[in-house]
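*Asks:* Turn this into a structure:
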Amino acid sequence: MAEKDIGEKLLEDYEEVFADIINVLAFHGERLLKPERLAAGPTVSRYKDAQGGLREQLRDVVKFDQGKTVLSVLGLENQTSEDAHMVFRVMGYDYSSYRYQLDREMKRLSPVITLVLYFGMTRWKGPKDVLSAVRKDLPYGKYLEENMMNPRIKVVDVAFLPREVREQFTSDFRIVAEYFWAVREKRMEEIRFNRQEIRHVEEMMDFFAIFGKDKRFSECKPVLVKRAKEGGKINMCVVMDYAEKQ
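*Replies:* Now for the predicted structure:
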């Protein structure tokens, strides 16, 4: 997973890619998040456990939205497999961001938004809220719903995004979404006809090599990166041609 984390972060850390993902998947296509307002946030958060010990947890990608009056926190978490405890992990990440504000005695807290991007070939079937993730076979199980807080996470099944959503992306992530859709649908030939220019060639090749588990993308990366630096236009037609030559 360490190698996958590196591949994911390199692409999504670009402000225009991050803003594009949030605007399409969280704000229904409204361009509310501006790349130039984003600043990298801490991917390591610290908290005290029940025994008072200091612990750390790692996030994938975190950005601050540096608006005029607020400093919102936005995060992306990447999953290649289902995690039954994902809702609790996200709760911990978000709580750390709120705790940071509380410790600084901010009068009004800024919101924290976290999206979970799931790159599996089947829809996420794991729990998306606390009630779905805890035991209910208890004498008082029927009263849990009315008495428990029930935070819910937003999981995006990337390979299932419909065309009208995929077409809203303007960054390299549109190619990512199209790629995973094509893999799931077994329509890889359609990827070849995607003429969108790849802006971050090296990071995209790492991404496809890691998530596609296809070393050809790594093998052709040096040639494609060199061609891009020399002014050549790189799109998926070019990429697939080089990959198939491997």
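*Asks:* Going by C-alpha atoms from here, please, whenever you check contacts or count neighbours.
*Replies:* Will do.
*Asks:* The protein: helices as residue ranges?
*Replies:* 2-12, 15-25, 86-103, 130-133, 144-147, 163-166, 173-185, 189-192, 201-211, 216-229, 236-245 (DSSP state H).
*Asks:* Redo these as a markdown table? Include mean neighbour count, mean pLDDT and distance to P35.
*Replies:* As requested, these are exported to a markdown table (neighbours: other CA atoms under 10 Å; pLDDT from 0 to 100; distance: least, CA to CA, whole Å):
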| stretch | mean neighbour count | mean pLDDT | distance to P35 |
| --- | --- | --- | --- |
| helix 2-12 | 17 | 59 | 12 |
| helix 15-25 | 22 | 96 | 5 |
| helix 86-103 | 17 | 89 | 21 |
| helix 130-133 | 16 | 95 | 33 |
| helix 144-147 | 11 | 94 | 40 |
| helix 163-166 | 14 | 97 | 19 |
| helix 173-185 | 20 | 94 | 14 |
| helix 189-192 | 15 | 86 | 27 |
| helix 201-211 | 21 | 87 | 18 |
| helix 216-229 | 17 | 92 | 23 |
| helix 236-245 | 16 | 87 | 25 |
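*Asks:* Among the ones you listed, which comes closest to A40?
*Replies:* A40 lies closest, by CA to CA, to one member of these: helix 15-25, at 8.7 Å.
*Asks:* contacts for the closest one?
*Replies:* 11-12, 29-36, 38, 156, 165, 168-173 (CA atoms under 8 Å, 6 or more residues apart in numbering).
*Asks:* just to revisit the earlier point, possible to save the helices of the chain as CSV with distance to P111?
*Replies:* CSV is the format used below for these (distance: least, CA to CA, whole Å):
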stretch, distance to P111
helix 2-12, 21
helix 15-25, 14
helix 86-103, 8
helix 130-133, 20
helix 144-147, 24
helix 163-166, 25
helix 173-185, 25
helix 189-192, 37
helix 201-211, 30
helix 216-229, 39
helix 236-245, 37
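*Asks:* Nothing else from me, thank you.
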